[in-house]
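Engineer: predicted coordinates and the sequence they were generated for:
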Protein chains: 2
Amino acid sequence: MSVEPTSIAIDLSSDVPAYRQIVDALRTHLVSGQLAPDDTLPPVRQLAADLGVHFNTVAEAYRILAEEGWLEIRRRTGARVVDRRAPAKPATHQKQAFVRRLNEIAAEALSQGISAEEIETGLRLVADGLRRGGG
Amino acid sequence: MSVEPTSIAIDLSSDVPAYRQIVDALRTHLVSGQLAPDDTLPPVRQLAADLGVHFNTVAEAYRILAEEGWLEIRRRTGARVVDRRAPAKPATHQKQAFVRRLNEIAAEALSQGISAEEIETGLRLVADGLRRGGG
DNA sequence: CGTGATTGTACATTGTATGTGTACAATAGA
DNA sequence: TCTATTGTACACATACAATGTACAATCACG
C-alpha cells in the first residue's frame, strides 16, 4: 500500500509550514495504521507534484519522520514504513505539554464559535479512535 | 485581577513563535474564565519583561486577541478584557479542521511514547473541563 | 491649561526559517 | 558497465519573527 494522493491536503495559505503539514498528516496515518510497516511511500517528486510543492519540501518531511523512527529511507528504493520500536519513555512534562496543547486548541475552537458540546464530541471521537486504530 | 507572571511560560527554543504562544496561553485563560471581563492585563513592557521577550512581541499578541474580540486596547490605560459577543457561526470545515488537528496532536503524542490510555485521559480531562469553566 | 510620565503604535532592521532551483551521489536493474 | 531513478547537499530568494528606536496618545498632577 502506498499513500493515496487524496489522503493528504496541503493548505499553502496556512501559517503552518508545508513540510510540517505533511509530517502531521503522514504521522496521523502512521499512527492510525493506514500506513503500516513495509508500506512504501511515493517518491518525493511524485508526492510533491500531487501536493503542489517542491520535492525538497517533501524530502524534508520524510527526513523528520525517519528521525522519529517511522520511516527508513534509502536511495533508489525510496521511503518505507518500518516496524517501529517502542519510543523512549516520555517525560512528565511532555504529558503536561500535551494536555496544555489540547486546552489551547479547544480554547481556539471556542473562540471561533464552535460550541463546548461540539468540542466535547470531537474530543471523544478522537479518544474512541485511539481504541481501534492506535495502540 | 490581572495575569500572574507565573501563569504563562514561553519556550523560546520552541518552533512555535513566541507571540503565538502568548496568544494561545492568554486565550486559554480567557476561555476558562481565569481572565474575566473587566480584568486588566499588564502593560506590554511589564509582561514582556516577565516573559523575557521584547514588548513589541507582547503587543502583537494583545492586538491579535483584540481582533478576536477578547480585548479592548487603549493607550495609557492598557488592555482590558471585554464581555465578548457571541462569535460568528463556525463553518463546517472549521469543525472538521478542529478534529483533524486533535488527531494530529494525538498522533504526535503517541509518537513521543505517550500511551493511548494517557492520551485518552488527557482528552477526557479537557472535555470535563469544558463543562465547568467554559461556556 | 501645561508638562511629564506612561502607555500603545509605527516602522526600519536584523536574524532565522521556509521553499525553491540546481547540481550531485547512490543504487537497482538492463 | 551504463542508465534511469531516487534521495541529498547547498546556495539563493523571500517571508516571517523578534527587536531597536522613535513617536503619538492620554492620564495625573500642578
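Structural biologist: Cool, got the structure.
Engineer: how many neighbouring residues does residue A:40 have?
Structural biologist: 15 (other CB atoms under 10 Å in any protein chain shown). Every residue, glycine included, has its C-beta placed from N, CA and C.
Engineer: hmm, residue A:73 and it touching each other?
Structural biologist: No: contact criterion CB atoms under 8 Å: residue A:40 and residue A:73 do not qualify, at 10.8 Å.
Engineer: joint contacts of the two?
Structural biologist: A shared contact of residue A:40 and residue A:73, defined by CB atoms under 8 Å, 6 or more residues apart in numbering or on different chains, is any residue touching both; here these are A:79-80.
Engineer: please identify the helix or strand for residue A:104.
Structural biologist: With secondary structure defined by DSSP states H and E, residue A:104 is part of helix A:92-111.
Engineer: now that helix: buried residues?
Structural biologist: By neighbour count, with 16 or more other CB atoms under 10 Å in any protein chain shown as the criterion, the buried positions of helix A:92-111 are A:95, A:97-111.
Engineer: do stretch A:26-37 as well
Structural biologist: Under the neighbour-count criterion of 16+ other CB under 10 Å, stretch A:26-37 has A:26-32, A:35 buried.
Engineer: biggest separation within those residues, which pair?
Structural biologist: Pairwise distances across those (CB to CB) peak at 10.8 Å, for the pair A:26 and A:32.
Engineer: now for these two: what residues contact both?
Structural biologist: Residues touching both residue A:26 and residue A:32 by CB under 8 Å, 6+ apart: none at all.
Engineer: all helices of chain A, in order?
Structural biologist: The residue ranges that make up the helices of chain A, judged by DSSP state H, are A:18-32, A:44-51, A:55-67, A:92-111, A:116-132.
Engineer: which one of those helices lies closest to residue B:80?
Structural biologist: Nearest of the helices of chain A to residue B:80, taken as CB to CB: helix A:92-111 at 17.6 Å.
Engineer: quick one: the closest one near chain B?
Structural biologist: Yes: applying CB under 8 Å from any CB of the partner chain, one finds helix A:92-111 touching chain B at A:94-95, A:98-111.
Engineer: the closest residue to residue A:88 other than its chain neighbours: how many residues sit nearby?
Structural biologist: With CB to CB, 6 or more residues apart in numbering or on different chains as the criterion, residue A:88 has its nearest non-adjacent residue at 5.6 Å, and that residue is residue B:113. Residues near residue B:113, counting by other CB under 10 Å, number 15.
Engineer: how about the contacts made by residue B:113?
Structural biologist: The contact partners of residue B:113, taken as CB under 8 Å, 6+ apart, are A:86-90, A:94.
Engineer: most surrounded residue in the residues you listed?
Structural biologist: Counting by other CB under 10 Å, top hit in those: residue A:90 with 18 neighbours.
Engineer: quick one: low-confidence parts of chain A?
Structural biologist: For chain A, applying pLDDT under 70 flags the ranges A:1-6, A:86, A:133-135.
Engineer: thought residue A:118 was touching residue B:95?
Structural biologist: Yes: with contacts defined as CB under 8 Å, residue A:118 counts as touching residue B:95 at a distance of 6.1 Å.
Engineer: need the residues touching each of these two.
Structural biologist: The contact sets of residue A:118 and residue B:95 do not overlap (CB under 8 Å, 6+ apart).
Engineer: okay if I get the buried residues of stretch A:26-37 as TSV plus distance to residue B:65?
Structural biologist: TSV is the format used below for the buried residues of stretch A:26-37 (distance: CB to CB, whole Å):
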residue	distance to residue B:65
A:26	33
A:27	30
A:28	29
A:29	34
A:30	35
A:31	33
A:32	34
A:35	38
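Engineer: contacting residues for the closest residue to residue A:112 other than its chain neighbours?
Structural biologist: The spatial neighbour of residue A:112 that comes closest, neighbours along the chain excluded (CB to CB, 6+ apart), is residue B:90 at 5.1 Å. For residue B:90, the set of contacting residues under the criterion of CB under 8 Å, 6+ apart consists of A:112-114.
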